[in-house]
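**Student:** below: sequence and its predicted model.
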Amino acid sequence: MEDKFKSYLESAFRTIAPTKAAMEYRKQTLKDMLARAQELRIKGMTDEDLIFDTVLEDYEDFGDKLKEFEQKEIKTNSAKRNVLLGTVIGVAVTVILVVAYLLVGLLGHLWHPGWLIIVGGLFLGVGVLLGLAGIKAIAKKRFVALRLFVVIAEVLLSVFVFLLLQIVFKFNGSWMAFLAMVALILGVDTAIAFFTNSKGKWIELPIFVEGLSVMLYVILGLVISFWHPGWLLCLVGVVFAVCELVVFVALHNNKKEKKEKKKLSDKFVKTDEKYWSDWD
């Protein structure tokens, strides 16, 4: 019996790559088959050929399972290689950033704000990881996760822009980078909502427009004291929301009307001829 199982498995496993993991899987499968055969004997089955056939019935789709096993192993090995490559790249980038910082500090005596080189590199690295995670999220249609990754990346970008404006360019209004960050987050999130066909996209659009208008009003007021009549900018979002509501209702009514016309047309086509000649 054991030799028959071994012969079956040797033939089946020739369809996939001869890896160490496949060998371990083959040995474990043999143990499972022998255990199943012994279980059948305990239950009273005595015909060895019948026991063999009954065990193999549990492995009818074994070829497909082997293919799935091989694909999973390929993905696992690929993931390990990607992790190794990512680690090497991370170490290399870290070394390059540190060397660049030391060169700027030693040769240019710019220890401050030279440390921004390292901070920028770290932020960039995190941004790349978030980008890769976002691509996977799109593939798996996990759009909530995608939007979260994008928000984190936008926050890091805004923080770095703030540091550059504050430390390098000595700009007094550098904190306004965070106002721009709010508008950026709302705008990109709205774009993603339309790209992924989110149900709330038509609600997010006027919110973005209003948020952008308010941010622009505050920035202009602080920079050039355009408080009056600049406050009218805050009404732009309201006007846009009302116009969008009108367009949305019009499109919705048009869509409903087309559906009703199609429904009536289909009903007319399917109507029995008797309808036209029945006067009772």
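**Tutor:** Received the coordinates, thanks.

**Student:** so where do the helices sit in the stretch 101-250 of the chain?
**Tutor:** 111-114, 116-139, 143-163, 176-195, 201-224, 234-270 (DSSP state H, counting those that start in this stretch).

**Student:** low-scoring stretches of this protein, by residue?
**Tutor:** Scanning the chain for pLDDT under 70 picks out the ranges 266-280.

**Student:** quick one: closest of the helices of the stretch 101-250 of the chain to residue 42.
**Tutor:** helix 116-139 (47.9 Å; C-beta to C-beta). Yep, even glycine has a C-beta here, placed from its N, CA and C like the rest.

**Student:** check which helices and strands the closest one sits against.
**Tutor:** helix 62-108, helix 143-163 (3 or more C-beta pairs under 8 Å, 6 or more residues apart in numbering; DSSP states H and E).

**Student:** if we compare the ones you listed, which one ends up closest to residue 22?
**Tutor:** Judging those by C-beta to C-beta, what sits closest to residue 22 is helix 62-108, at 7.3 Å.

**Student:** which elements pack onto the closest one?
**Tutor:** If contacts are counted by 3+ C-beta pairs under 8 Å, 6+ apart, helix 62-108 sits against helix 2-13, helix 20-42, helix 111-114, helix 116-139.

**Student:** could I get those as JSON lines with distance to residue 74 and mean neighbour count?
**Tutor:** Formatted as JSON lines, these follow (distance: least, C-beta to C-beta, whole Å; neighbours: other C-beta atoms under 10 Å):
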{"stretch": "helix 2-13", "distance to residue 74": "16", "mean neighbour count": "14"}
{"stretch": "helix 20-42", "distance to residue 74": "11", "mean neighbour count": "14"}
{"stretch": "helix 111-114", "distance to residue 74": "45", "mean neighbour count": "13"}
{"stretch": "helix 116-139", "distance to residue 74": "17", "mean neighbour count": "16"}
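
**Student:** any chance of those helices in TSV with distance to residue 221 as columns?
**Tutor:** As requested, the helices and strands packed on helix 62-108 are exported to TSV (distance: least, C-beta to C-beta, whole Å):
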stretch	distance to residue 221
helix 2-13	74
helix 20-42	65
helix 111-114	29
helix 116-139	30
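
**Student:** ok, which of those helices comes nearest residue 93?
**Tutor:** Here helix 116-139 is closest among the helices and strands packed on helix 62-108 (C-beta to C-beta), at 6.2 Å.

**Student:** contact partners of the closest one?
**Tutor:** Helix 116-139 is contacted from outside by 90, 93-94, 96-98, 100-101, 104, 143, 145-146, 149-150, 152-153, 156-157, 159-160, 163-164, 167-168, using C-beta atoms under 8 Å, 6 or more residues apart in numbering.
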